[in-house]
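In: got a sequence here, can you build the structure:
(chains A and B)
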Amino acid sequence: MTFRMKLLAGMCALLSFVGGVALATSPAPTQATTELPRHQVPASKDGNLVVGMCDGETSLEVKGVKEGQKLTREQAMRVSGDLMDAWRKKNPDANWDPTPPPVLAQAPKQPTQGTPNPPAGVQKPAVGSSVREGGITADSGGKQVRKEAGVNIQDGQTYGAFTSRDEAIWAASTEQFVKEGHRVFHDAEALGGTVAISCDMCHPDAANTHPETYPKYQVQLGRVALLRDMINWCIENPVRGIPLADGDPRLRAMEAYIYAQRKGTKLDYGKK
Amino acid sequence: MGNKFRSIETKHHEERDAFFEQLQRLDRRAFLRVAGISAGIAAGMGLRTPHGFQLVNVAEAQGTKPRFSFAYISDTHLYEQKLNDRFVRSILKAVDDVNGLDPQPDFVLFGGDLAQLGQAGELKLGAQILKSVKAPVRMMVGEHDWFLDMGELWRDLFGAPNYAFDHKGVHFVVLNSIHEKDFWTERKLSPMERMKIVAGLDNGIQSRFEVGNEQREWMRQDLAKVDKKTPIIVFSHSPLYKYYRPWNFWTDDADEVQALLRPFERVTVIHGHTHQMLSNQIGNISFHGMLSTAWPWPYAPEGLPKLTVQMNRPDPFSQFDGCGDGRMEVTEAGLVNKLYNLWERNPITVRASYLTSNGKQDAPPQTKLPSY
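Out: Take a look at the predicted model:
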């Protein structure tokens, strides 16, 4: 794997991360129902391929490659390097660790190419106000962590850039999701039930839902089932509702609640 | 859902019905066909016996004739039929069962939670259905019957919730064990809000069940008239011991009630509320839980009595599995052999000797799929 490809992988990690922040900073009760943010890239006049970056802002038109065509490995590496450069310019303050060489028995020589990481300690203040528009970005919070900590913790890395406040927000968002699942689980109407039966009537505290045993062969369905298949079975049957679609926020929330109730239980897929 | 839609549950029951129908008029040519189907059913759904075969008289098979027997139906949790016919179908099945018993039981105990939310339509529907029971019915109250109007309609329909009677040398005491300390006034809850909180198991809002001072005093006076050698059988909705507090599988003043029963030689408590096979022995007192007709409950994560032999985990694809009714045989000695008539399974008897020998004798069949 080359350094550039690693960057590509790193950037993708960053995307999921930034997405997480966006949700975490506005923990609306409708979390389950709102759409996840999407990165709309500008269209190319010439019908060229436009690649968006994981920050949800930066994009790059690839000359000579049409929308729908595949990139060669070399082209892809060039694109990712250019995107990364653009991101660096926008976020001079962000910390980005140099990718360590892979730990292999016989490590091949790593060619050092692409963007060098800014040397530690050369952190320039962000241009203009210290409060950026658009809420938290990848490079905000990094300095707070060091200030807040004033302690001997590792920083200079993506996760190091978040404060305990951020973490508290993430935890609260998760709790809220679980709580929503608790509500649906206990509410026949929310389940779309027609006979006033809710899950808690037979599964107090979600007992006997055994999420840790999935996937497993469910003989009555005649196939391997996931937890959601059994949730849907119980919605169809005792509850007499209509099975929920895979992405249905109620299904997602109930999965969250059911798993949360079994915290600490060892995963044991396939167990009867 | 179009007309063609049939749930797995429905399909299975159709297959099953067809199977047993064919079984009844079995000739040599039909045999192969049926055998084929039955293998499929057995493989897919586990072995099941037709309901008519289930009420095997275990005591008679062992040559000990009971003094008498009584049956029970419990925890039917009825909604009005137009809202929910599932639970109605179940109580009707139980009524058929007890009416089909031969010999007929001396009486049928109703174990409480006739209604789901204590509403008039639910209680009256239940009263109506229970009228078709051939044997006399002895009523007991459950929390689902009580907390909408604090038992007003229930008392109108069925009389006092606690009473005592003698039958063939056994003294019976029926309790209202589902009193709760007031948690609603301070919170300004409406009657329906109060009812719904009590109807849920996993909320920490409600108080724990108790028999209460007043009723314990009544019980003390009632028992004072009874010879200590007379067998005693107590009916209570909640288990008269402490099993699992968070779900109210619990009676707060259980110790005080047990103390009143301690001086007697032979005491049996029959309780509802827990919807599962449940057995316990505390000193001189044997405890038997009753099955629900509506749904089985999971075993609680802790507090399960040591002597309890769990029932196999129920099949969520069958409305009736894990549910049922049952019968008690009162032995010459005045002890109780309890038969769990588990629908769609073989019946299981938990014998008095199993409990009084502290599990050394007559152990019921072990579970294959215990809860976890």
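
In: hey, where'd the helices end up in the stretch 151-300 of chain B?
Out: Assigned helices in the stretch 151-300 of chain B, in chain order: B:152-158, B:191-199, B:213-224, B:254-261 (criterion: DSSP state H, counting those that start in this stretch).

In: wait, I meant the stretch 151-272 of chain A
Out: According to DSSP H, counting those that start in this stretch, the stretch 151-272 of chain A carries its helices in the segments A:164-185, A:227-236, A:249-261.

In: okay, those in CSV with mean neighbour count and mean pLDDT next?
Out: Quick note: C-beta positions are derived from backbone N, CA and C, even for glycine. Formatted as CSV, the helices of the stretch 151-272 of chain A follow (neighbours: other CB atoms under 10 Å in any protein chain shown; pLDDT from 0 to 100):
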stretch, mean neighbour count, mean pLDDT
helix A:164-185, 17, 94
helix A:227-236, 20, 95
helix A:249-261, 21, 98
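
In: and the residue of the stretch 51-200 of chain B found nearest chain A, what pLDDT?
Out: Residue nearest to chain A within the stretch 51-200 of chain B: residue B:84 (4.0 Å; CB to the nearest CB). The model reports residue B:84 with a pLDDT of 94.

In: surely it is within a strand?
Out: No. Read with DSSP: H, G, I helix; E, B strand; the rest coil, residue B:84 is coil and lies in no strand.

In: okay but it is in contact with residue A:193, surely?
Out: No. Judged on CB atoms under 8 Å, residue B:84 makes no contact with residue A:193 at a distance of 9.6 Å.

In: stretch B:18-27 - what's its average pLDDT?
Out: Stretch B:18-27 shows an average pLDDT of 62 in the prediction.

In: can I get the helices of the stretch 151-272 of chain A in a markdown table including distance to residue B:367?
Out: Listed next are the helices of the stretch 151-272 of chain A as a markdown table, based on distance: least, CB to CB, whole Å:
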| stretch | distance to residue B:367 |
| --- | --- |
| helix A:164-185 | 27 |
| helix A:227-236 | 21 |
| helix A:249-261 | 23 |
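
In: of the ones you listed, which approaches chain B most closely?
Out: Comparison of those against chain B by CB to the nearest CB identifies helix A:227-236 as nearest, at 6.3 Å.

In: how far off helix A:249-261 does that closest one point, in degrees?
Out: Relative orientation of helix A:227-236 versus helix A:249-261 (axes from the mean of the first three to the mean of the last three CA atoms, to 10 degrees): 120 degrees.

In: what about helix A:227-236, near chain B?
Out: Yes. Counting by CB under 8 Å from any CB of the partner chain, contacts between helix A:227-236 and chain B involve A:230, A:233, A:234, A:236.

In: so the third one makes contact with residue A:198?
Out: No. With contacts counted by CB under 8 Å, residue A:234 stays clear of residue A:198, the gap being 10.3 Å.

In: around chain B, which positions in the stretch 1-150 of chain A sit nearby?
Out: Among all residues of the stretch 1-150 of chain A, none is adjacent to chain B (criterion: CB under 8 Å from any CB).

In: where does pLDDT dip in the stretch 1-150 of chain A?
Out: By pLDDT under 70, the low-scoring segments of the stretch 1-150 of chain A are A:1-34, A:95-150.

In: let's see 80
Out: Applying pLDDT under 80 to the stretch 1-150 of chain A flags residues A:1-37, A:92-150.

In: out of the helices of the stretch 151-272 of chain A, flag the one nearest residue B:344.
Out: Checking the helices of the stretch 151-272 of chain A against residue B:344 by CB to CB gives helix A:227-236 as the closest, at 18.0 Å.

In: show the secondary-structure elements that the closest one is packed against.
Out: If you count contacts as 3 or more CB pairs under 8 Å, 6 or more residues apart in numbering or on different chains; DSSP states H and E, helix A:227-236 packs onto helix A:249-261.

In: would you list every one of the strands in chain A?
Out: Ranges of strands within chain A are A:48-52, A:59-66, A:216-218, A:223-225, based on DSSP state E.

In: quick revisit: dump the helices of the stretch 151-300 of chain B to CSV, plus mean pLDDT, distance to residue B:299 and mean neighbour count.
Out: Written out in CSV, the entries for the helices of the stretch 151-300 of chain B read as follows (pLDDT from 0 to 100; distance: least, CB to CB, whole Å; neighbours: other CB atoms under 10 Å in any protein chain shown):
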stretch, mean pLDDT, distance to residue B:299, mean neighbour count
helix B:152-158, 98, 29, 17
helix B:191-199, 98, 20, 19
helix B:213-224, 98, 29, 14
helix B:254-261, 98, 19, 18
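
In: TSV please, covering those and showing distance to chain A.
Out: What follows is those, written out as TSV (distance: least, CB to the nearest CB, whole Å):
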stretch	distance to chain A
helix B:152-158	19
helix B:191-199	8
helix B:213-224	27
helix B:254-261	20
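
In: please, which helix or strand holds residue B:70?
Out: Taking DSSP states H and E as the definition, one finds residue B:70 inside strand B:68-73.

In: neighbouring strands of that strand in the sheet, and parallel or not?
Out: Strand B:68-73 has these partner strands in its sheet, going by DSSP bridges: strand B:108-110 (parallel), strand B:324-330 (antiparallel).

In: tell me the buried residues in that strand?
Out: Neighbour counts over strand B:68-73 (16 or more other CB atoms under 10 Å in any protein chain shown) mark B:68, B:69, B:70, B:71, B:72, B:73 as buried.

In: and the first one, what does it touch?
Out: Shown here is residue B:68, whose contacts under the criterion CB atoms under 8 Å, 6 or more residues apart in numbering or on different chains are B:106, B:167, B:168, B:330.

In: write a ChimeraX command that selects only the buried members of those.
Out: The following ChimeraX command selects only the buried members of the contacts of residue B:68, with burial defined by 16+ other CB under 10 Å:
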select /B:106,330
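
In: is stretch B:298-316 anywhere near chain A?
Out: Yes. Applying CB under 8 Å from any CB, one finds stretch B:298-316 touching chain A at B:298, B:300, B:301, B:313, B:315, B:316.
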